[in-house]
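Undergrad: Need coordinates for the following:
(chains A and B)
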Number of protein chains: 2
Amino acid sequence: MNSPSSASRRSEGIVRPTTVIESPRLSKRLGANVILASETFQLTGSFKFRAAYNVVTHISEPMVITASSGNFGQALAYACSLVHKTSIIVMPTTSAQVKVDAVREYGGQVEFVDVRVKSRAERVSELAKEHPEAYIASAYDDPLVIDGNSSLGSELISLGKSFDYVIAPIGGGGLSSGIIQGMYPAGKNIKVLGAEPLLGNDAARSLAANRIVRNETEPQTIADGARTVSLGEHNWAILRSGLERIVEVSEEKIVEGLRLLFELANLKAEPTGALSIGAVLTEPEIFQDRSVCCVISGGNVDPVVYARLLAH
Amino acid sequence: MNSPSSASRRSEGIVRPTTVIESPRLSKRLGANVILASETFQLTGSFKFRAAYNVVTHISEPMVITASSGNFGQALAYACSLVHKTSIIVMPTTSAQVKVDAVREYGGQVEFVDVRVKSRAERVSELAKEHPEAYIASAYDDPLVIDGNSSLGSELISLGKSFDYVIAPIGGGGLSSGIIQGMYPAGKNIKVLGAEPLLGNDAARSLAANRIVRNETEPQTIADGARTVSLGEHNWAILRSGLERIVEVSEEKIVEGLRLLFELANLKAEPTGALSIGAVLTEPEIFQDRSVCCVISGGNVDPVVYARLLAH
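TA: The predicted structure is shown next:
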């Protein structure tokens, strides 16, 4: 297993430090001392690059295959191009053209799959057989992914601020488990909370049941980075004891969070990135007058979708 | 007169360092190595806070009066509240409610003026007579303003990057003259360019005529931070020899710049802030393969306006 420190060493100078933003107006509106840790300016526009870069620098395989129509695909494509590996990103034929273009601009090879005919996982299996030299990457359920994301947890500690809470969006659990792992060595009493779409609240139900509970289908939340069926096994192993609790956020509060970030912090966030602000809006009494670090996980959102949400 | 170093000393720990953002996709699209120096996360959302804070910490008057419907009003209101001075911000009765609210939230007292009846300057004069204890602040034509903005020039030097060009939006000339003043002591050969709306190209005409040329009326460009009638005298004294040249940017290129910042750099900029990217789009041959620092002056823009520009 790779330690967080090896992740930090290898990523140094490549992974961009998180962007810390304080907005007095946002804090006033939310009734809490809110500090934003924005990954929207991370390379490829989301925290996923931390994971992707850690994966590609720790494997010997010359090729990486993953299924992703979102941020992990872009992150992996760019990370591979930086270390001269090739990448195949499996995307549904229905993917937005801007996302396909982004993966290609970052140097990835796009393989389409018609999900009415076969699943993404099946297509990845086929490609894996064709390319025995390839590493099959998961966007969250992989110790290398958690280790890569742990660099954000270390950074939050190194800011030297006395946070009462850190809130991070939760889908497969890659980010939140990474933050917990990265903060653990400091031994501080900072509670880590997950902000999960109410429409796909499998993580909340998993914590309640003390076992991984799955959604029946991919939840159709606007927070497309959290459209996961369940937490990953490796993530669960960390989250089951390390996560303080989960706040379930309605679609309405996600959009309100996105708009507040725009209006009061000048920050463009994708809907998934606005989950942590949505969590504060959902349960304000928990955060009243406390020091709260809201992780804004990414900023990649289609301009037409974003314009519609702003005008909402 | 106050030296840049005194500005830097007083502002330390209050003024937020500029946010440096590099986007490989934006650089690729523009055909230049573009580094963004974003002031959108500066306190009050624009570089104007640098000037405002320097003004209020260098004067003995307990009150400051200014006419501003935009970023300087917000910046001055907040700077005054930080040092326990009072501020009166004169705004047209037609000002957008969000701007009025912002000034008030930052602690400023708003005085409306019906510009069909009297000018903003007349209203400021009246208020100055009522309040002989007040300092009358200009948003650009004041050595204290230039000195405050010079901290951005010093910061750009301290990044240690070998820029060929720095491009900054130009209206009254407060930002560009400040950057030139701040960079001057380092003696580097970095050319500073102004990005000016073509619709109000008085600065370009001034450089050509080697004297201050005025627009007949306030130009109705979408870049509302550059709706100035002319350069300030103090600014001109620096710009006439220190500014390399001006690029005149069409409304269309301003909007294209704003959209590229959104799509390729995840950056929310106000139209005035997008002028520097608009300049690269306007004269790409100058910047081809060069290292270009684009100053994004601010991010305060109404959500409805922004949504319309995105969907444009």
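Undergrad: The closest residue to chain B within the stretch 101-250 of chain A and A:Ser68, how far apart?
TA: Nearest to chain B, among the residues of the stretch 101-250 of chain A, is A:Glu105, at 5.8 Å (CB to the nearest CB). For the C-beta atoms, the positions are set from N, CA and C on the backbone; glycine is no exception. Going from A:Glu105 to A:Ser68 by CB to CB, to the nearest Å gives 15 Å.
Undergrad: Ok, A:Tyr140 next?
TA: Counting by CB to CB, the gap from A:Tyr140 to A:Ser68 is 11 Å.
Undergrad: Low-confidence ranges, chain A, go.
TA: A:1-12 (pLDDT under 70).
Undergrad: residues contacting the residue nearest to the residue of the stretch 101-250 of chain A closest to chain B when sequence neighbours are not counted?
TA: In this structure, A:Glu105 finds its nearest non-sequential neighbour in B:Arg25, 5.8 Å apart by CB to CB, 6 or more residues apart in numbering or on different chains. B:Arg25 makes contact with A:102, A:105-106, B:264-265 under the criterion CB atoms under 8 Å, 6 or more residues apart in numbering or on different chains.
Undergrad: Distance of B:Arg25 relative to A:Thr19?
TA: Where A:Thr19 is concerned, B:Arg25 sits at a distance of 18 Å (CB to CB).
Undergrad: who touches A:Ala204 in this structure?
TA: Per CB under 8 Å, 6+ apart, neighbours of A:Ala204: A:194, A:196, A:246, A:248.
Undergrad: If it's not too much trouble, I'd like those residues exported to CSV so that distance to A:Leu156 and neighbour count sit alongside each entry.
TA: Listed next are the contacts of A:Ala204 as CSV, based on distance: CB to CB, whole Å; neighbours: other CB atoms under 10 Å in any protein chain shown:
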residue, distance to A:Leu156, neighbour count
A:Gly194, 15, 29
A:Glu196, 20, 30
A:Ile246, 19, 21
A:Glu248, 23, 20
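Undergrad: Mark which of those residues are part of strands, please.
TA: A:194, A:196, A:246, A:248 (DSSP state E).
Undergrad: Throw the residues you listed into CSV and include distance to chain B, thanks.
TA: Formatted as CSV, those follow (distance: CB to the nearest CB, whole Å):
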residue, distance to chain B
A:Gly194, 23
A:Glu196, 23
A:Ile246, 27
A:Glu248, 26
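Undergrad: can you map out the strands along the stretch 51-200 of chain A?
TA: A:63-67, A:86-92, A:109-113, A:134-136, A:165-169, A:191-197 (DSSP state E, counting those that start in this stretch).
Undergrad: any bit of stretch A:222-242 sitting next to chain B?
TA: No: applying CB under 8 Å from any CB of the partner chain, one finds stretch A:222-242 out of contact with chain B, separated by at least 14.0 Å.
Undergrad: buried residues in the helix or strand harbouring A:Arg205?
TA: Per DSSP states H and E, A:Arg205 falls inside helix A:202-209. Neighbour-count burial for helix A:202-209 flags A:202-207 (criterion: 16 or more other CB atoms under 10 Å in any protein chain shown).
Undergrad: Which SSE is immediately downstream of that helix?
TA: helix A:233-242.
Undergrad: Give the buried residues for that following helix.
TA: Buried-residue list, helix A:233-242, by 16+ other CB under 10 Å: A:234-236, A:238-239, A:242.
Undergrad: mind checking the SS state of A:Tyr259?
TA: Small correction: residue A:259 is Arg, not Tyr. The three-state label given to A:Arg259 by DSSP: H, G, I helix; E, B strand; the rest coil is helix.
Undergrad: just the residues of the stretch 101-250 of chain A that are near chain B, which are they?
TA: Checking the stretch 101-250 of chain A against chain B by CB under 8 Å from any CB, the hits are A:102, A:105-106.
Undergrad: Please identify the buried residues of stretch A:30-37?
TA: In stretch A:30-37, counting by 16+ other CB under 10 Å, buried: A:30, A:32-37.
Undergrad: So which of the residues you listed sit within strands?
TA: Assigned to strands by DSSP E, the following of the buried residues of stretch A:30-37 qualify: A:33-37.
Undergrad: ok, and of the residues you listed, which contact chain B?
TA: Of those, not one also sits near chain B (CB under 8 Å from any CB).
Undergrad: Which of those sits closest to chain B?
TA: Distances from chain B to these, taken by CB to the nearest CB, are shortest for A:Leu36, at 9.2 Å.
Undergrad: partner residues bridging that closest one?
TA: A:Ile21, A:Cys294 (DSSP bridges).
Undergrad: what does the one 10 residues further on give?
TA: Beta-bridge pairing of A:Ser46, defined through DSSP bridges, involves A:Gly298.
Undergrad: residues contacting it?
TA: Going by CB under 8 Å, 6+ apart, the list of residues near A:Ser46 reads A:39-40, A:71, A:74-75, A:225, A:270, A:273, A:297-300.
Undergrad: In contact with A:Ser206, which residues?
TA: A:212-213, A:230-231, A:236, A:240.
Undergrad: one more time with 7 Å
TA: Residues in contact with A:Ser206 (CB atoms under 7 Å, 6 or more residues apart in numbering or on different chains) are A:212-213, A:231, A:236.
Undergrad: Bridge partners for the residue nearest to A:Thr221 when sequence neighbours are not counted, pull those for me.
TA: For A:Thr221, ignoring the flanking residues on the chain, the nearest one in space by CB to CB, 6+ apart is A:Pro197 at 3.8 Å. A:Pro197 forms beta bridges with A:Val249, as assigned by DSSP bridges.
Undergrad: Is it correct that A:Pro197 is in contact with A:Ala223?
TA: Yes: if you go by CB atoms under 7 Å, A:Pro197 and A:Ala223 touch, sitting 4.8 Å apart.
Undergrad: Just flag the most distant two among the ones in strands among the buried residues of stretch A:30-37.
TA: A:Asn33 and A:Ala37 (13.7 Å; CB to CB).
Undergrad: Find the nearest non-adjacent residue to A:Pro219, please.
TA: A:Gly200 (2.7 Å).
Undergrad: what's that neighbour in contact with, if anything?
TA: A:215, A:219, A:221, A:226-227.
Undergrad: Perfect, that will be all.
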